[in-house]
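**Q** 3D, please:
(one chain, ligands or ions: 2)
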Amino acid sequence: MKAEARAPQAYTTVYGEPPAGVWAAPGRVNLIGEHTDYNDGFVLPFALPHRTAVAASRHDDPSWIVYSEQTGETVRFTADDRITGWASYVAGVVWALRAAGYEIPPARLAVASDVPLGAGLSSSAAIECAVLAALADLGGLSVPVADRPALAQRAENEYVGMPCGIMDQSAATLSRAGHALFLDCRTLAVEHIPFDPAAAGLTVLVIDTRAPHRLVSGEYAARRAACERAAATLGLAALRDLAVADLPAALRRLPDPDRRRVRHVVTENQRVLDTVRLLRDGRPREIGPLLTASHESLRDDFEVTVPELDVAVEAALRAGALGARMTGGGFGGCVLALIEAPSAGLVTDAVTAAFAALGFAKPVAFPATPGPGAGRLHTG
Ligand code: ADP
Ligand code: MG
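**A** Numbers count the residues shown, from 1 in each chain. Ligands and ions are numbered 1, 2, ... in the order given. Presented below is the predicted three-dimensional model:
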């Protein structure tokens, strides 16, 4: 049973009556554009078919109550509480909406998810954006869809305390089926780029390496700091403002490893633009080399890969993938591979065998078809 069906069932079990409605938001995978979001750059994620569902109703008690199937816990909080733990992703959304001046109705919620937690597929944005959609609708509030990503990001940055960029919440909210979301992280302009791998005889295989996340938050902060430092040295507002043509001169002014961090960000922004151009031209096969170049840059220049990510990419390419790269922040998480649809089994087997030979955890692979963003279910 899918999360969209489990959430109302859980709601009814926990609260003893059916919910007023069910809302859902997807996890995401980033096709290309890694560690560019906080440099005011470009990203190209798409929504997964895996979704987080929230069943909810208003209630009279001046508090919010949330149950999650993932934890089996029920947490209650009021507008004055500052809570921690998994329910902070829900309380953070209430807080961010209230901080923006919205009158959020007290409510009870039940959450179920098909997005693997902590795998780099953004279960955090999925729960935030599903809760945001639920609370906005329950309150009859007109929260402009264009404002929702920033509200959910604020919940995660300032309430949960995770300094994430705006990509995940944008993908979870704004994605369209059959399209990737081309997002300019400076202007927040979005463009829906047709991307239907199946129609082209292709599959995007997502491989969850299940590598334990190591050092993530410290290393993430260190990369952000290096990028900010380099931009300041170069007199730029952000690394987004450095063109590929000006890269050689700029790199001469920077110490290592900052120069390699900058080289990654600048070339990665260009790879996103090149990918968008190829997809617009209906040439999806040709993005393969850009994906692989992105991985090499993340491995050698940005240094955010781990052996599991490198081994999965190498095995996928050896088995015939058109391109492959780590996706998400790195230090664990997932790899994506663009493959001819009939080779899905071959590539999965090759990665599984390579992992077994090295004693890594068994990877989990699934095909990712671009799905829609957050919304209400009209069955709930
Ligand atoms: P990712 O977003 O890549 O999955 P994060 O560390 O950003 O990883 O977010 C995962 C965290 O989000 C979980 O540890 C949990 O606290 C919270 N979370 C996400 N989905 C749920 C859910 N369905 N139920 C409870 N908590 C959730
Ligand atoms: Mg997250």
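
**Q** got a list of what the closest residue to A361 other than its chain neighbours touches?
**A** Of all residues not flanking A361 in the chain, R210 sits nearest, at 4.3 Å (Cβ to Cβ, 6 or more residues apart in numbering). Where you see a C-beta, it was placed from the backbone N, CA and C, and this is true even at glycine. Residues counted as contacts of R210 (Cβ atoms under 8 Å, 6 or more residues apart in numbering) are A119, E308, A361, K362, P363, V364.

**Q** And A221, by the same measure?
**A** Here A221 is in contact with P163 (Cβ under 8 Å, 6+ apart).

**Q** Counting neighbours, what do you get for the residue of the chain found nearest ligand 2?
**A** Closest to ligand 2 within the chain is S124: 3.2 Å, counting by Cβ to the ion. Using other Cβ atoms under 10 Å, S124 has 25 neighbouring residues.

**Q** do the longest strand seen in the chain and ligand 1 meet at all?
**A** For the chain, the longest strand by residue count, based on DSSP state E, is strand 45-58. Yes - Strand 45-58 reaches ligand 1 (Cβ under 6 Å from any ligand atom) through T52.

**Q** Just the CA coordinates for that strand, please, in PDB.
**A** Only the C-alpha atoms of strand 45-58 are listed here, as PDB (Å, rounded to 0.1, in the frame of the first residue of the first chain):
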ATOM      1  CA  PRO A  45      16.100  18.300  -9.900                       C
ATOM      2  CA  PHE A  46      13.000  16.200 -10.600                       C
ATOM      3  CA  ALA A  47      10.300  14.800  -8.300                       C
ATOM      4  CA  LEU A  48      10.300  11.100  -7.600                       C
ATOM      5  CA  PRO A  49       7.300   8.900  -7.600                       C
ATOM      6  CA  HIS A  50       8.000   8.300  -4.000                       C
ATOM      7  CA  ARG A  51       5.900  10.600  -1.800                       C
ATOM      8  CA  THR A  52       5.300  11.600   1.800                       C
ATOM      9  CA  ALA A  53       1.600  11.800   2.600                       C
ATOM     10  CA  VAL A  54      -0.100  13.800   5.400                       C
ATOM     11  CA  ALA A  55      -3.600  13.100   6.500                       C
ATOM     12  CA  ALA A  56      -5.000  15.900   8.500                       C
ATOM     13  CA  SER A  57      -8.000  17.700  10.100                       C
ATOM     14  CA  ARG A  58      -8.500  20.900  12.100                       C
END
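
**Q** Sketch out the low-pLDDT regions of this protein for me.
**A** Across the chain, the ranges flagged by pLDDT under 70 are 215, 379-380.

**Q** Around ligand 2, pick out the residues from it.
**A** Within the chain, the positions adjacent to ligand 2 are S122, S124 by Cβ under 5 Å from the ion.

**Q** okay, now the domains of the chain?
**A** Domain segmentation of the chain under automatic domain parsing yields 3-194+371-379, 197-367.

**Q** Mind giving me the ChimeraX select for the contacts of R210, buried ones only?
**A** A single ChimeraX command selects the buried members of those (16 or more other Cβ atoms under 10 Å):
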select :119,308,363
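
**Q** who are the neighbours in contact with the spatially most distant residue from the centre of the chain?
**A** Distance from the centre of the chain peaks at D60, with 34.6 Å (Cα atoms, centre = their mean). Residues near D60 by Cβ under 8 Å, 6+ apart: P106.

**Q** Which element, helix or strand, includes the closest residue to E34 other than its chain neighbours?
**A** Of all residues beyond its chain neighbours, the one nearest E34 is L298 (5.8 Å), with distances taken as Cβ to Cβ, 6+ apart. Using DSSP states H and E, L298 falls within helix 288-300.

**Q** tell me which strands and helices the following helix or strand past that helix is in contact with?
**A** Later in the chain than helix 288-300, the nearest helix or strand by DSSP H and E is helix 307-318. Packing partners of helix 307-318 (3 or more Cβ pairs under 8 Å, 6 or more residues apart in numbering; DSSP states H and E): strand 202-208, helix 288-300, strand 323-327, strand 334-340, helix 344-358.
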